[in-house]
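Undergrad: return a 3D structure for these sequence lines:
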Amino acid sequence: MELRVIRYFLAAAEAGTVTGGAELVRVSQPAVSRQLAALERELGVQLFDRGHGALKLTHAGRRFAVMANDIVQRSEAARAFVDPGHVQDLRFTVVAQHTTMLHTLAPFTAARGAAHPVIDVIDSAPARVFDTALRQGADIGVSTIPPPAGWAGRRLIEVDVMAFVPPGHPLVRAQSIEMRELTTYPLILMDRSHNARMRFDSALVEAEIPLAAHIEMNSAPMALGHAASGRGVAVLTGAGMFGLEAIPVLLDGSRLCISLYAGWDPTHYAADTIERWVDDYQSWLPTVTGHEGSA
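TA: Model prediction:
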């Protein structure tokens, strides 16, 4: 059963004649008659009462008309959804970790979202962002891990690894802190699935610094909560909470940073629209990170 034939049926029902229906769909009357007859044979029922005067729908025809209208409406909605020219009708799903959503994606949407498709976010650990995007059919991944081979990708910006301390902590007025000094304090670190932790560990190896007493957390908000309680210095990326002060971490005088990436399928039906969204997101990111984006 073809969509065009369903349209012929609805046109004939609306016009009350096959000739009038053919004019509505701009197809010859004999062609519409043949297609409607074939549709009735396919369904095994008579859709029209072909008596004298206007065409009338049979009981089966009236029931089929309800389904036919639904099919056509769904088809038109699907076409609008996948047509990159109708940006306001598009809806994209981004996969990102919770802190990226909270501190960049949601604020970016608040600032500039009206110019872009509707964006929703699926939460994922950074190392699993692109696998999750593939598995759930999402449109874009944003992660501190680069996208896999074969994806279109963009290194968006460099993000500082920060030490978060509560008011009254000895480091609260520091402009920055070197790794060697930081490791003299009890630390709250993310688990090793987080790129900030991997970068922190690699810096320890580079500088041959032993790791201080620490606890590991899976949740960044919980790590910040424990830091606010005085349990230790939380080391992660993103913005603070609970009145915590954020202090850039240095390795031999240089800021310790990680990269934020975006990735998407280059064959995506709306790849151009996605790239425009990524361009704008990248241009906006320095307003919250203080770093310039990367080409």
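Undergrad: okay, now the sheet partners of the strand or helix carrying Thr93, with direction.
TA: Per DSSP states H and E, Thr93 falls inside strand 91-96. Strand pairing for strand 91-96, determined by DSSP bridges: strand 118-123 (parallel), strand 140-143 (parallel).
Undergrad: need the residue closest to the centroid of the chain.
TA: Centroid-nearest residue in the chain, with Cα atoms, centre = their mean: Val94, separated by 1.2 Å.
Undergrad: who are the contact partners of the residue nearest to that residue when sequence neighbours are not counted?
TA: Excluding its sequence neighbours, the residue lying closest to Val94 (Cβ to Cβ, 6 or more residues apart in numbering) is Ile140, at 4.6 Å. Quick note: C-beta positions are derived from backbone N, CA and C, even for glycine. With contact taken as Cβ atoms under 8 Å, 6 or more residues apart in numbering, Ile140 is in contact with 92-95, 133, 262-264, 274, 277-278.
Undergrad: next one: Arg255
TA: Contact partners of Arg255, counting by Cβ under 8 Å, 6+ apart, are 160-161, 176, 248-249.
Undergrad: measure it to Leu182 for me?
TA: 13 Å (Cβ to Cβ, to the nearest Å).
Undergrad: repeat that for His226.
TA: From His226 to Leu182 the distance is 16 Å (Cβ to Cβ).
Undergrad: longest helix anywhere in the protein?
TA: helix 59-82 (DSSP state H).
Undergrad: restrict that one to CA atoms and write it as CSV.
TA: Only the C-alpha atoms of helix 59-82 are listed here, as CSV (Å, rounded to 0.1, in the frame of the first residue of the first chain):
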residue,chain,number,x,y,z
HIS,A,59,-18.9,1.6,6.1
ALA,A,60,-15.5,0.1,5.4
GLY,A,61,-14.5,3.2,3.6
ARG,A,62,-15.3,5.4,6.5
ARG,A,63,-13.3,3.2,8.9
PHE,A,64,-10.4,3.2,6.4
ALA,A,65,-10.6,7.0,6.1
VAL,A,66,-9.8,7.5,9.8
MET,A,67,-6.6,5.4,9.4
ALA,A,68,-5.7,7.0,6.1
ASN,A,69,-5.9,10.5,7.6
ASP,A,70,-3.7,9.3,10.5
ILE,A,71,-1.1,7.8,8.1
VAL,A,72,-0.9,11.0,6.0
GLN,A,73,-0.6,13.2,9.1
ARG,A,74,2.2,11.0,10.5
SER,A,75,3.9,11.1,7.1
GLU,A,76,3.8,14.9,7.0
ALA,A,77,5.1,15.1,10.6
ALA,A,78,8.0,12.8,9.8
ARG,A,79,8.9,14.9,6.7
ALA,A,80,9.0,18.1,8.7
PHE,A,81,11.1,16.3,11.4
VAL,A,82,13.8,15.2,8.9
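Undergrad: could you check the angle strand 91-96 makes with that helix?
TA: 50 degrees (axes from the mean of the first three to the mean of the last three Cα atoms, to 10 degrees).
Undergrad: list the buried residues in helix 59-82.
TA: 61, 64-65, 68 (16 or more other Cβ atoms under 10 Å).
Undergrad: any weak-confidence spans in the stretch 1-150 of the chain?
TA: 76-89 (pLDDT under 70).
Undergrad: how does it look with 80?
TA: 1, 51-53, 73-90 (pLDDT under 80).
Undergrad: before we move on, back to that, His226 and Leu182: which is more packed in?
TA: The residue with more neighbours, out of His226 and Leu182, is Leu182; 23 against 17, by other Cβ atoms under 10 Å.
Undergrad: and the residue lying closest to that one once chain neighbours are set aside, backbone torsions?
TA: Using Cβ to Cβ, 6+ apart and skipping residues adjacent in sequence, the residue nearest Leu182 is Ala163, 5.8 Å away. The phi and psi values for Ala163, taken as degrees, to the nearest 10, are phi -100, psi 120.
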